[in-house]
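Undergrad: What follows is a predicted structure for the sequence shown.
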Amino acid sequence: MRKLVCPTSFVIIIKIISMIKHNLIFIAPLPPPFGGISVIAKSLFEAGLSEKFNLIHLNTSKNSPTEKIGKITLQDVLLALRNYYNLTLICLKNRNYKSAFLVGTCDTGIIRDFGYIF
């Protein structure tokens, strides 16, 4: 014999699931410098991203003048290595977190961002 489930119980379950905050590792630069991706990331934070998720943020901003954006320097390589190391530590400490990612828009940013995938 089939057991019938009240439709209101589904509504209650859906509401409970929607109230649960999901875990999120947010990998993105924040200003300064002010650029497309960093401004989008800042807008997401201001729109209440941390209210919707249990949030850990890895700030990948290089805090250098905008004329150096898109150029690879030794400082950029060291910063990328530090970010990879910090991301590894975050992932090891928080294994139940999901991650979100904003891809850089310049050639060097896209090359750097491939490291976060692996």
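TA: That came through fine.

Undergrad: For the protein, give me the ranges with low pLDDT.
TA: 1-19, 64-70, 99-107, 117-118 (pLDDT under 70).

Undergrad: Now do the lengthiest helix in the chain: which elements does it pack against?
TA: Under DSSP state H, the helix in the chain containing the largest number of residues is helix 74-93. Judged by 3 or more C-beta pairs under 8 Å, 6 or more residues apart in numbering; DSSP states H and E, the packing partners of helix 74-93 are strand 22-28, strand 53-59, helix 107-117. Where you see a C-beta, it was placed from the backbone N, CA and C, and this is true even at glycine.

Undergrad: Just want the angle from the longest one to strand 22-28.
TA: Spelled out, it's helix 107-117. 150 degrees (axes from the mean of the first three to the mean of the last three C-alpha atoms, to 10 degrees).

Undergrad: now helix 107-117 and strand 53-59, what's the angle there?
TA: 130 degrees.
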